[in-house]
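>>> Next comes the sequence, and after it the predicted model I'd like to discuss.
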Amino acid sequence: MVGPRATLAELADALNAAGVGVYVYEGAKGAQRWLSGAGRFTADDGARAARALSDAAPGEARRLGDAHLVRLQDCPDGAPRFMGVLRAAEGVEDFGDAGPLGRASGRGALQAHLTHLAETLPPETPVVCCVFGIDDMREFSRVYGYDAGATLAHMVGERLARALPPDAAIARVGGAKFAAAIVGDDAGAFRERAGRIAADIAHGAFDVGFGPVSVTLSIGAAVASATALASPEPFDAALAALDEACGEADGGVFVADAALDDAQSSPSAMRDGARAVMRALESNRIALAFQPVVSAHPPYGVAFRECLARLQDDTGKWIAAGQFLPKIERLDLVAALDRRVLRLTIEALRAHPTERLSVNVSARTTRDRAWMRDLKAAAAANPGCVERMIVELTESAAVVDAERTRKFLDEVRALGAAIALDDFGAGYSSFRHVRDFRPDWVKIDGGFVRGVATDPDNMLFVDTLVGIARNFDMATVAEFVENQADADTLLALGVDCLQGYRFGAPELSPQWRAPQDDVADEAAGGEI
């Protein structure tokens, strides 16, 4: 072994973190205790392990029921010193009457049960695959100890088992995650059930030895027909849904699309999307389409163009970002795509020195140092390019980690680029976030723009958003402007710029402006 020798306490912490219990028998002192796992196992478990290993050689492994035993080490004089039992915590969970799985646990046992359901249930029977995650469990274990965390998790598991239908299968699939399969629930019925379970857990304190502890849950689920259960995809979709549920305001419950095979966020769709993007990146089949953003004042001079990613598939067809981005937005691959789009945007800015371009970034890119290094390199080599760039981030992405986003945007702004907050008004952000992010532009969500000329509610909402933007000294862009009536109304409401098919579709080869066009635009009041 290379590196510093670990202390016994450090070893215990590492074992607890891995969910492993080790029972120590110190022959010279006659002491027997749990080095790790005291919250999961008892002294009787340890004594049985010691008896089973009494005639084992050092390093020899034995089995005792579900337990994996190993005699760890003898003293130099040959006297037995350490005897231990190592068991994965999920392999010995017992939630009492745990339904079809009984004492079996872990993802393997649950998947075997799902496969059995696929073979025995009528094909169209709805089955909910769900995952319950204990919020802030890592922090709890860090503060109070891993044994306390293990005890708390087991108590939560017992309560979950009692709250589920008698025929539901439940298994612990991680330190703070429990998975279950419920036959007969559809999405609506499960949302109601999940709400009751979450409330029951939240309102009932757990005593782990130092006073009552309150617990909240995040819950992810996917609804599938019985025939789909033989595949791991329903369970994978439930895990992905749990990621969506963490931090959600709607009770921390997220139910994935029932049509898993067709959903863009299904695991198969995500894998297919990832493969397509990887092939396109490797063979340089990523390009930019440019959509104009024009002044709201006639003659509608171009203020800037938004760069939109396009992927050329294996048949040569160009695919719009909306068809493949949802399939990879939870993968690290989206950061690689963002880096490629940034480089293409820089190339376009160099080639067209009269143009101003905006580039979109995902939430993952706000923590991608490689993307920031590329931007800094571009700013150092050609600062004029970055000064003509606008970096766009959606509201929903911006508030995933507001503090990290603020730091990212501050770095971007320091390099000379402007900031745009996309989908403004979609409901995720607060005025505090708008103030803290300090964008130069806000792009009003298209849902409030379409039909604004004839919709009093949308008209009022746009008027309010324009007032907010002006208060913070931000320019406004209305997205999805598709007819002249809406354009005229938006101008009357004080919107600065317009974007939509009324003024131009995204084009791979747009008609770029000549230098003299800038003078004409400014004279006509068309440039912002």
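Perfect, I can see it now.
>>> For the strand or helix carrying residue 412, list every residue counted as buried.
With elements taken from DSSP states H and E, the one containing residue 412 is helix 402-414. Within helix 402-414, the residues that count as buried by 16 or more other CB atoms under 10 Å are 405, 406, 408, 409, 412, 413. Where C-beta positions appear, they are placed from N, C-alpha and C, glycine not excepted.
>>> same thing with stretch 198-217?
Neighbour-count burial for stretch 198-217 flags 198, 201, 206, 208, 213, 215, 217 (criterion: 16+ other CB under 10 Å).
>>> now residue 292: how far from residue 513?
Computed as CB to CB, to the nearest Å, the residue 292 to residue 513 distance reads 10 Å.
>>> repeat for residue 446
Residue 446 sits 25 Å away from residue 513, going by CB to CB.
>>> low-confidence ranges in the stretch 51-200 of the chain?
53-106 (pLDDT under 70).
>>> can you give me the helices for it?
106-120, 137-144, 146-163, 187-203 (DSSP state H, counting those that start in this stretch).
>>> how about JSON lines for the ones you listed, with distance to residue 352 added?
Converted to JSON lines, the helices of the stretch 51-200 of the chain look like this (distance: least, CB to CB, whole Å):
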{"stretch": "helix 106-120", "distance to residue 352": "53"}
{"stretch": "helix 137-144", "distance to residue 352": "49"}
{"stretch": "helix 146-163", "distance to residue 352": "57"}
{"stretch": "helix 187-203", "distance to residue 352": "49"}
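>>> highest average neighbour count across the ones you listed?
Comparing the helices of the stretch 51-200 of the chain by mean neighbour count (mean count of other CB atoms under 10 Å), helix 146-163 ranks first with a mean of 21.
>>> Counting by contacts, list what it packs against.
Here helix 146-163 touches helix 8-17, strand 126-134, helix 137-144, strand 169-174, strand 177-183, helix 187-203, strand 206-207, going by 3 or more CB pairs under 8 Å, 6 or more residues apart in numbering; DSSP states H and E.
>>> Quickly run through the sheet partners of the fifth one, with directions.
Counting by DSSP bridges, the strands paired with strand 177-183 are strand 126-134 (antiparallel), strand 169-174 (antiparallel).
>>> Using TSV, lay out those together with mean neighbour count and distance to residue 143.
Below are the strands paired with strand 177-183 laid out as TSV (neighbours: other CB atoms under 10 Å; distance: least, CB to CB, whole Å):
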stretch	mean neighbour count	distance to residue 143
strand 126-134	25	14
strand 169-174	24	19
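>>> OK, contacts around the nearest residue to residue 506 once chain neighbours are set aside?
Spatially, and ignoring its direct neighbours in sequence, residue 506 is nearest to residue 289 (3.6 Å; CB to CB, 6 or more residues apart in numbering). Contacts for residue 289 (CB atoms under 8 Å, 6 or more residues apart in numbering) come out as 307, 308, 309, 310, 318, 320, 506, 507, 508.
>>> Could you check the pLDDT of the fifth one?
Okay, so that is residue 318. What the model reports as pLDDT for residue 318 is 89.
>>> same thing with the second one?
The model reports residue 308 with a pLDDT of 94.
>>> and it, that one's in a helix?
No - using DSSP: H, G, I helix; E, B strand; the rest coil, the assignment for residue 308 is strand, not a helix.
>>> Give me the mean pLDDT for stretch 393-409.
For stretch 393-409, mean pLDDT is 82.
>>> Can you give me the domain assignment for this structure?
Domain ranges of the chain: 8-87, 90-263, 284-523, per automatic domain parsing.
>>> Put together CSV for those, with distance to residue 277 on each row.
What follows is the domains of the chain, written out as CSV (distance: least, CB to CB, whole Å):
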stretch, distance to residue 277
domain 8-87, 34
domain 90-263, 18
domain 284-523, 6
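>>> can you pull out the strands in the stretch 401-528 of the chain?
Counting by DSSP state E, counting those that start in this stretch, one finds strands in the stretch 401-528 of the chain at the ranges 418-424, 441-444, 475-478, 497-499.
>>> Alpha carbons of the helix or strand containing residue 294, as PDB, please.
According to DSSP H and E, residue 294 maps onto strand 286-295. Backbone C-alpha positions of strand 286-295 (Å, rounded to 0.1, in the frame of the first residue of the first chain) are rendered in PDB as follows:
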ATOM      1  CA  ILE A 286     -22.300  20.200 -35.400                       C
ATOM      2  CA  ALA A 287     -23.100  23.600 -36.900                       C
ATOM      3  CA  LEU A 288     -24.800  26.800 -35.900                       C
ATOM      4  CA  ALA A 289     -28.100  28.200 -37.200                       C
ATOM      5  CA  PHE A 290     -28.500  32.000 -36.700                       C
ATOM      6  CA  GLN A 291     -31.900  33.600 -35.800                       C
ATOM      7  CA  PRO A 292     -32.100  37.400 -35.900                       C
ATOM      8  CA  VAL A 293     -33.200  39.400 -33.000                       C
ATOM      9  CA  VAL A 294     -34.500  42.700 -34.300                       C
ATOM     10  CA  SER A 295     -35.300  46.100 -32.900                       C
END
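>>> what's the average pLDDT for that strand?
Mean per-residue pLDDT for strand 286-295: 96.
>>> follow-up on the earlier one: for the strands paired with strand 177-183, which one sits closest to residue 223?
With CB to CB as the measure, strand 126-134 is the member of the strands paired with strand 177-183 nearest residue 223 (5.5 Å).
>>> can you give me the angle that closest one makes with helix 146-163?
Per axes from the mean of the first three to the mean of the last three CA atoms, to 10 degrees, the angle that strand 126-134 makes with helix 146-163 is 150 degrees.
>>> quick one: strands adjacent to whichever strand or helix holds residue 391?
Element membership for residue 391 (DSSP H and E) is strand 389-394. Strand 389-394 sits in its sheet next to strand 357-360 (parallel), strand 418-424 (parallel), going by DSSP bridges.
>>> Take those strands and lay them out in a markdown table including mean neighbour count and mean pLDDT.
Below are the strands paired with strand 389-394 laid out as a markdown table (neighbours: other CB atoms under 10 Å; pLDDT from 0 to 100):
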| stretch | mean neighbour count | mean pLDDT |
| --- | --- | --- |
| strand 357-360 | 24 | 97 |
| strand 418-424 | 23 | 90 |
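>>> Please tell me I have it right and residue 324 contacts residue 311.
Yes - contact criterion CB atoms under 8 Å: residue 324 and residue 311 qualify, at 5.7 Å.
>>> any common contacting residues for those two?
Shared contacts of residue 324 and residue 311, defined by CB under 8 Å, 6+ apart, are found at 276, 277.
>>> List the contacts of stretch 380-387.
Applying CB under 8 Å, 6+ apart, the external contacts of stretch 380-387 come out as 346, 349, 350, 353, 375, 378, 379, 415, 416, 417.
>>> How about the secondary structure of the first one?
Secondary structure state of residue 346, per three-state DSSP, is helix.
>>> Give me the neighbour count for it.
For residue 346, the count of nearby residues is 22 (other CB atoms under 10 Å).
>>> Ok, the fifth one next?
Residue 375 has 25 neighbouring residues, counting by other CB under 10 Å.
>>> same check, this time on the one 3 residues further on
Applying the criterion other CB under 10 Å, we find 22 residues in the vicinity of residue 378.
>>> Three-state assignment for it, please.
Of the three states, residue 378 takes helix according to three-state DSSP.
>>> Grab the nearest non-local neighbour of it.
The spatially closest residue to residue 378, leaving aside those adjacent along the chain, is residue 346, at 4.7 Å (CB to CB, 6+ apart).
>>> Dump the buried residues of stretch 198-217 to CSV, plus distance to residue 171.
Formatted as CSV, those follow (distance: CB to CB, whole Å):
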residue, distance to residue 171
198, 19
201, 18
206, 20
208, 22
213, 23
215, 19
217, 16
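>>> Can you tell me the element residue 277 falls in?
Secondary structure assignment for residue 277, by DSSP H and E: helix 267-282.
>>> Give me the mean pLDDT for that helix.
Computed over helix 267-282, the mean pLDDT rounds to 71.
>>> just use 10 as the starting number from now, easier for me
All right, first residue 10 from here; so that's helix 276-291.
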